[in-house]
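In: Structure for this input, please:
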Amino acid sequence: MAEDIVVVCAWCASVAEHAGKAVSHGICPACAMKMLKRLPQEYLEAIAEADGTVSLFSGEKFQVVAQG
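Out: Below you'll find the predicted structure:
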């Protein structure tokens, strides 16, 4: 059950969500942004949504293409 899971960032080991005893891994917003900044801008533009953002499975959105 989801309420029995602790979500830990696989990159920095910080606890992203704490809801129980079992452990699952994901990526925290800070590490996700570090990873996105390392990708080529052309790639980010190709995968960005119409609003210039890239979304993680968690629903967290990151602005990767300047709007204007």
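In: And the next helix or strand past the lowest-mean-pLDDT helix or strand in the chain?
Out: Of all helical and strand segments in the chain, the minimum by mean pLDDT, DSSP states H and E falls on strand 15-18, at a mean of 67. Using DSSP states H and E, the helix or strand that follows strand 15-18 towards the C-terminus is strand 22-26.
In: Name all residues that make contact with Lys25.
Out: One correction, residue 25 is His, not Lys. Residues in contact with His25 (C-beta atoms under 8 Å, 6 or more residues apart in numbering) are 7-10. No exception for glycine: its C-beta is placed from N, CA and C like everyone else's.
In: Nearest spatial neighbour of Glu49, chain-adjacent residues omitted?
Out: Ser55 (6.8 Å; C-beta to C-beta, 6 or more residues apart in numbering).
In: So what's the gap between the longest helix along the chain and the chain middle?
Out: For the chain, the helix with the greatest residue count under DSSP state H is helix 29-37. Relative to its chain's centre, helix 29-37 lies at 7 Å (C-alpha atoms, centre = their mean, to the nearest Å).
In: cool, stretch 49-68 as well?
Out: On the basis of C-alpha atoms, centre = their mean, stretch 49-68 sits 11 Å off its chain's mean C-alpha point.
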